[in-house]
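In: Return atomic coordinates for the entry below.
(2 chains)
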Amino acid sequence: MTFTLPDLPYAYDALAPYMSKETLEYHHDKHHQAYVTNGNNLLKGTEFEGKPLEEVVKGSFGKNAPLFNNAAQHYNHIEFWKWMKPNGGGDKLPGRLEKKITEDLGGLEKFKTDFAAAGVGQFGSGWAWLSVSKDGKLEITKTPNGENPLVHGGTPLLGVDVWEHSYYIDYRNKRPDYLKAFVDHLINWDYVDELFSKV
Amino acid sequence: MSLLSRRHLMMAATGIVAAAAAPRLAFAQATTAAPTGPFTLPPLPYPVAALEPHIDAKTMEIHHGKHHQAYVSNLNSFAKDNPKLASMPVPEVLGNLGDVPEAIRTGVRNNLGGHANHTMFWEIMGPNGGKPAGEVLAAIDRDLGGMEKFQADFNAAGGRQFGSGWVFVTVSKDGKLAIETRPNQDNPMMDGKRALLGNDVWEHAYYLNYQNRRADYLKAWWNTVNWNKVGERYAAAKAGQLGV
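Out: Next up, the predicted model:
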């Protein structure tokens, strides 16, 4: 199996003004495409050729940095596009998910604050995550570069890209403004719930 | 603020070979720009548009006025409870991060690293920067295979640095050069080494002008290098007097 670039699940201008058409064009067509192209080149001749993406990500972590970086970023971006939608965010969450967020993370409002803070606190390029840990609890974490909760035994439910390429055209240095817009207007909670229901 | 820290900050802001009167002026400007101290944003030694078209004015304005300023502001908040941070020379702090109180260690690594990296970065760029010459050119020929190979290798290393970071030329006490990368705002001083020059490959350094095309930025950046200043830094490094 080789990596292929999925289409965006919405139009390039569908997330404006919170994420512009220009940002999505570069982010999807150039950055994600580069991870796909580089990942395929780096896969050739390795034990991971033909393996499912998640296996490549987990298996290459700590062993083959260039392959891991590209495979993990391919995985992260496939999901990232689905973690957003037009008119996303809001306070109406599917019941079971909301209950779990309240139990483990102190409620939706606290989640929003803590998730955005994780993104602000990730120094340099990386991601902030909501994931289910090995012991079944929800947790908020941050990781550098392409790293993600999969390699720590967790299951990602939601992630936000805090590489500068994700927000620099629209927000410049103001990463907190980008994260607030992501949380308030972009999160596709239905997809988060779909992932949660599979755990 | 102690005499040592004032002197150190002046050195950082102006480069170490400046005449005696110049540091006072630069220090006064920096104090006006950021009155909260003890850490201050060194003024750009040229107008924000001076490096166009290779680096655009908007990028310079945000990079210097927002990103670098943020490192300076964060350092000042650390220094409130840890005044020693501002009175010790930067290489001594960064070379001994294990001695920094744990509560602020990562913050100091990131923000003092960022302050040192950017102070160097503004200094080694400029319009009409001349050409590599003299001892530093001889060292490039000897250690890095000549200008053409050096630039190709430096660009390749900058391209390979995955995510935010820097590509440096480090210089040892005996004047030997090497190309090295570091993630985020780490600086060779953290390993007891010194940067002769370096290029910022955080996306904020080039995204407005080059977007995803880091390779194009790395190539164009050579047009901004102030070789006169690099030559001065090389001489200072060999004399054990390089600032940051």
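
In: Just checking stretch A:159-170 against chain B, any contact.
Out: Yes. For stretch A:159-170, a contact with chain B is found by Cβ under 8 Å from any Cβ of the partner chain, at A:163-165, A:168-169. Every C-beta, even on glycine, is put in place using the N, C-alpha and C of the backbone.

In: That stretch: end-to-end distance?
Out: The first residue of stretch A:159-170 is 19 Å away from its last residue (Cα to Cα, to the nearest Å).

In: any idea how far residue B:116 is from the residue of chain B most remote from its centre?
Out: Largest separation from the mean C-alpha position in chain B: residue B:81, at 25.9 Å (Cα atoms, centre = their mean). Residue B:81 sits 21 Å away from residue B:116, going by Cβ to Cβ, to the nearest Å.

In: so what does the longest helix seen in chain B touch, helix or strand wise?
Out: When chain B is parsed with DSSP state H, its longest helix is helix B:102-123. Taking 3 or more Cβ pairs under 8 Å, 6 or more residues apart in numbering or on different chains; DSSP states H and E as contact, the helices and strands that helix B:102-123 lies on are helix B:3-14, helix B:69-81, helix B:84-87, helix B:90-95, strand B:194-200.

In: ok, now with 10 Å
Out: helix B:3-14, helix B:69-81, helix B:84-87, helix B:90-95, strand B:165-171, strand B:194-200, helix B:227-238 (3 or more Cβ pairs under 10 Å, 6 or more residues apart in numbering or on different chains; DSSP states H and E).

In: thought residue A:98 was touching residue A:193?
Out: Yes. Using Cβ atoms under 10 Å, residue A:98 is in contact with residue A:193, at 9.2 Å.

In: hang on, the earlier thing: can you give me the buried ones in the longest helix of chain B?
Out: By neighbour count, with 16 or more other Cβ atoms under 10 Å in any protein chain shown as the criterion, the buried positions of helix B:102-123 are B:104, B:108-123.

In: quick one: residue A:116 and residue A:142 touch, right?
Out: No. Applying Cβ under 10 Å, one finds residue A:116 not in contact with residue A:142, separated by 11.0 Å.

In: Find the residue at the geometric middle of chain A.
Out: residue A:159 (3.3 Å).

In: So that one versus residue A:83, what's the distance?
Out: 6 Å.

In: Can you work out which residues contact both of those two?
Out: A:76, A:130 (Cβ atoms under 10 Å, 6 or more residues apart in numbering or on different chains).

In: Which phi and psi values does residue A:13 adopt?
Out: phi -100, psi 10 (degrees, to the nearest 10).

In: Tell me how far it lies from residue A:19.
Out: From residue A:13 to residue A:19 the distance is 10 Å (Cβ to Cβ).

In: ok, those two, which is more surrounded?
Out: Between residue A:13 and residue A:19, counted using other Cβ atoms under 10 Å in any protein chain shown, the more crowded position is residue A:19 (24 against 14).

In: my read: the more buried one touches residue A:170, true?
Out: Yes. Between residue A:19 and residue A:170 there is a contact at 6.4 Å, judged by Cβ under 10 Å.

In: tell me, what's touching the two both at once?
Out: Each of A:178, A:181 lies in contact with both residue A:19 and residue A:170 under the rule Cβ under 10 Å, 6+ apart.

In: Shouldn't residue A:90 be within a strand?
Out: No. Assigned with DSSP: H, G, I helix; E, B strand; the rest coil, residue A:90 falls outside any strand and is coil.

In: Quickly note the distance from it to chain B.
Out: Going from residue A:90 to chain B by Cβ to the nearest Cβ, to the nearest Å gives 30 Å.

In: neighbours of that residue, just the number please.
Out: Residues near residue A:90, counting by other Cβ under 10 Å: 12.

In: Good, we can wrap up now.
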